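> Next comes the sequence, and after it the predicted model I'd like to discuss.
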Amino acid sequence: MFDIGFAEFLLIGVVALVVIGPERLPETIRTVSAYVNRIRRSVTELKNDVARELHNDEVMRELRDSAKGLKDEFDQARTSIESEIGSETEGLSEELRNVHTNIKQTAAAAEPETELGGPSGIAGNAGAPQPDPAQRQET
């Protein structure tokens, strides 16, 4: 882990024996080994967290790619639907113009009959205002 060879380890042991002394050396070794174990656990947790985050990033990338694909499909479908609706609207508008033209022609053909006094009555009175029934009795 720290790339310490046997010679370096032996040198550290001799220095520790001289500095700490033989009475406190076992307790110090236990304390140091406990700290080393904590550091190892922390490093392992850190590696696991990094691996988990990388996996989450990978999943998020896949989700973004899927969402982009779905958005593209939705845009294509919307474009095709809009073009179909546009063509149908044009067809209906054309039919509506034809119906409007037919109504105008029919109205124009029926208009001369009312001006000439056709089936409705006297010529020229079709557009005149009619007197109130109360006014008719007075005269």
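Noted; the coordinates are in hand.

> List phi and psi for residue 5.
Torsion angles at residue 5 (phi, psi; degrees, to the nearest 10) stand at phi -80, psi 180.

> To clarify, my last question referred to residue 23.
phi -70, psi -40.

> what are the ranges of the helices in this structure?
In the chain, the helices defined using DSSP state H lie at 6-20, 25-115, 133-138.

> any chance of those in JSON lines, with mean pLDDT and mean neighbour count too?
(C-beta placed from N, C-alpha, C; glycine too.) Shown next, in JSON lines, are those (pLDDT from 0 to 100; neighbours: other Cβ atoms under 10 Å):
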{"stretch": "helix 6-20", "mean pLDDT": "88", "mean neighbour count": "11"}
{"stretch": "helix 25-115", "mean pLDDT": "90", "mean neighbour count": "10"}
{"stretch": "helix 133-138", "mean pLDDT": "58", "mean neighbour count": "8"}
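
> what residue lies at the spatial centre of this protein?
residue 71 (7.5 Å; Cα atoms, centre = their mean).

> Contact partners for that one?
Under the criterion of Cβ atoms under 8 Å, 6 or more residues apart in numbering, residue 71 has no contact partners.

> Quick check: the gap between it and residue 78.
10 Å (Cβ to Cβ, to the nearest Å).

> And for residue 23?
83 Å.

> same question, residue 39
In terms of Cβ to Cβ, residue 39 sits 57 Å off from residue 78.

> can you check residue 19 too?
78 Å.

> Could you do residue 13 as well?
As judged by Cβ to Cβ, residue 13 and residue 78 stand 76 Å apart.

> cool, and residue 89?
Distance of residue 89 to residue 78, computed by Cβ to Cβ: 16 Å.
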